[in-house]
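Asker: Requesting a structural model of the entry that follows:
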Amino acid sequence: MIEGRTSIQRFIRGLLAYALLLLAATGCIGADRNASSPKATDSVSSADAPVSDRTFGIIYPMTYTTYETITQDAKEAAESRNVTLLVSAPDEANTEQQIRIMESMIKLDVDGIAISPVNSDALAPVIRKAVSKGIPVITFESDAPGSGRTAYIGADNNATGRQIAITIGQLLGNKGMIIVETGMQEMLGLHQRLEALLEYLNEESSIEVLEVRYNQGNEERAMKDIETMIGEHPHFSAMISLDAVSASAGTLIWKAKGLNRIFLSMGNNPASIEALENGQLTAIVSQNEQNWGRSIVDTLIKVSDGRQLPGFIDTGIREIKQADVR
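Answerer: Model (predicted):
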C-alpha cells in the first residue's frame, strides 16, 4: 500500500477515472481493474512482491492495432498485482491530445505514467509537471531526454536503424534501390532510426535511397505514399517501413498487388508475423515490443516504490526472417 493514499483519495480518483471514460474526445481513455490475488504459479520474486491499489497510466501516440499486443501484455502483468491500468491514446497521432491526456492523469493523481511521446520537446513540460507532483513518468518506444522522466524502455533507435540497414544490405547484396516509408516526422525515435539507416547505407553500401515519405501516423496517407512511390519508381528493389502504420499499409499493398519485391518492416506483432509467414514481408527487425507491456508495469511498480533504476532499460533488437516462422 502506498503511504498517503487514503480511502477517500482512492474513491475520488475512481470517480474521476469514471468521468474520464465518458470524455472520449480527450483520447479514448479506458480502465482495466485487475483485483485478483497472486497465484502460486505466478513468477514474482520477493523484490517484486504483489502490491495493491495502484493506478498506472499508459499513453500511446495514437489508437492502432499494434499497441493492442502491448496492452494485453501489460494487463497480464497487472493481473497478479491488483493494479488498475488507464490506457489511452489520441484517435490519430496528435501532440496536443497527448498533452491533454497527461494533464487528465495528473489530475487523477495516478501512481505512475508510461508514455510514447509523439513530440518529445512538446511533451517535456507536462512530463516535468507530473514529476514535480510526485508522479513518476517513464517513456517507451521513443524517449524524451531532459524531461525528467525516470527511465526509457525500448531499444536504442540509432542501433535499430543501423540493424535495419545491415539487414537490407544482406538481402540486396549491398546494392539496389529502395523506397522508405516512416511515421511521424517529429517523433524522436523514428527520426533516430531514419538518420542511422541513411548514414549506414551511405557509408557502407551502394544502395540508393530513391525516396523517403512520412505518413504522420495515418494509414490512409501511408497507403497513398507507398502506392505513389511504387508508381514513380517502378524499378525499386525493396521497401523499408520504419513504423507500424506503414508496415500494415505496405502489407495490404503487397498482398493486393502480388508484389515480389523485398519488404523489410519494423515490429513484432501477430499481423507482421502472419505477413511474414504469407510472404508479404521478407524480414522484420523487432525491438521485442511484445514484452514492453510487462516491462512497463514492472518498471512503474519499482519507481512508484522509490527504487533506483537505470535510465535506459534495453529490450534489445531481433531480426526475424521467413525461415524463422515457417
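
Asker: all helices for the stretch 51-200 of the chain, in order.
Answerer: For the stretch 51-200 of the chain, the helices defined by DSSP state H, counting those that start in this stretch cover 66-79, 95-108, 120-132, 157-172, 188-204.

Asker: which strands and helices sit next to the second one?
Answerer: With contacts defined as 3 or more C-beta pairs under 8 Å, 6 or more residues apart in numbering; DSSP states H and E, the packing partners of helix 95-108 are helix 7-21, strand 54-59, strand 83-88, strand 112-115, helix 120-132. Heads up, the C-betas are built off the backbone N, CA and C, glycines and all.

Asker: If we use 7 Å, what do you get?
Answerer: Helices and strands touching helix 95-108, by 3 or more C-beta pairs under 7 Å, 6 or more residues apart in numbering; DSSP states H and E, are helix 7-21, strand 54-59, strand 112-115, helix 120-132.

Asker: For Thr282, which of the helices of the stretch 51-200 of the chain is the nearest?
Answerer: Smallest distance to Thr282 across the helices of the stretch 51-200 of the chain (C-beta to C-beta): 6.3 Å, for helix 157-172.

Asker: could you give me the average pLDDT of the closest one?
Answerer: Averaged over helix 157-172, pLDDT sits at 98.

Asker: Now do it: distance to the chain's middle.
Answerer: Helix 157-172 sits 19 Å away from the centroid of its parent chain (C-alpha atoms, centre = their mean, to the nearest Å).

Asker: just stretch 287-294 next, same as before
Answerer: 9 Å.

Asker: Quick one: end-to-end length of it, please.
Answerer: 14 Å (C-alpha to C-alpha, to the nearest Å).

Asker: coming back round to it: which one of the helices of the stretch 51-200 of the chain lies nearest to Arg326?
Answerer: helix 157-172 (16.7 Å).

Asker: Check which helices and strands the closest one is in contact with.
Answerer: Here helix 157-172 touches helix 188-204, strand 206-214, strand 238-241, strand 262-266, strand 283-286, going by 3+ C-beta pairs under 7 Å, 6+ apart.

Asker: Touching the third one from outside, list them.
Answerer: Translated: strand 238-241. Contact with strand 238-241 is made by 164, 168, 171-172, 176, 178-181, 247, 250, 261-266, as judged by C-beta atoms under 7 Å, 6 or more residues apart in numbering.

Asker: quick one, what contacts the residue lying closest to Gly217 once chain neighbours are set aside?
Answerer: Nearest residue to Gly217 in three dimensions, chain neighbours excluded: Ala93, at 3.0 Å (C-beta to C-beta, 6 or more residues apart in numbering). Each residue near Ala93 by C-beta under 7 Å, 6+ apart is listed here: Pro61, Met62, Val118, Met184, Gln216, Gly217.

Asker: re the thing from before, dump the helices and strands packed on helix 157-172 to CSV, plus distance to Lys255 and mean neighbour count.
Answerer: Below are the helices and strands packed on helix 157-172 laid out as CSV (distance: least, C-beta to C-beta, whole Å; neighbours: other C-beta atoms under 10 Å):
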stretch, distance to Lys255, mean neighbour count
helix 188-204, 24, 19
strand 206-214, 20, 16
strand 238-241, 14, 25
strand 262-266, 11, 25
strand 283-286, 16, 24
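
Asker: how about these, which one is nearest Ala130?
Answerer: helix 188-204 (18.6 Å).

Asker: quick one: buried residues of stretch 318-326?
Answerer: Within stretch 318-326, the residues that qualify as buried are Ile320, Lys321, counting by 16 or more other C-beta atoms under 10 Å.

Asker: Could you check how far that stretch is from the centre of its chain?
Answerer: Remark: stretch 318-326 is offset 21 Å from the chain centroid, using C-alpha atoms, centre = their mean.

Asker: same deal with stretch 60-71?
Answerer: That offset, for stretch 60-71, works out to 7 Å (C-alpha atoms, centre = their mean).

Asker: Outside of that stretch itself, list whatever touches it.
Answerer: The contact list for stretch 60-71 (C-beta under 7 Å, 6+ apart) reads 28, 87, 89-93, 116, 118, 184, 217, 244-245, 267, 269-271, 289-290, 292-293.

Asker: taking the mean pLDDT, what do you get for that stretch?
Answerer: The pLDDT scores in stretch 60-71 average 93.

Asker: how far does it stretch from start to finish?
Answerer: End-to-end for stretch 60-71, by C-alpha to C-alpha: 10 Å.

Asker: For it, which residues meet the burial criterion?
Answerer: Tyr60, Pro61, Met62, Thr63, Tyr64, Thr66, Tyr67, Glu68, Thr69, Ile70, Thr71.

Asker: ok, the residue positioned nearest the centre of the chain - contacts?
Answerer: The residue lying closest to the centre of the chain (C-alpha atoms, centre = their mean) is Glu141, at 4.3 Å. Taking C-beta under 7 Å, 6+ apart, we find Glu141 in contact with Ser116, Gly154, Gly189.

Asker: what's the first one in contact with, if anything?
Answerer: Read that as Ser116. By C-beta under 7 Å, 6+ apart, the contact set of Ser116 is Tyr60, Pro61, Thr139, Phe140, Glu141, Ser142.
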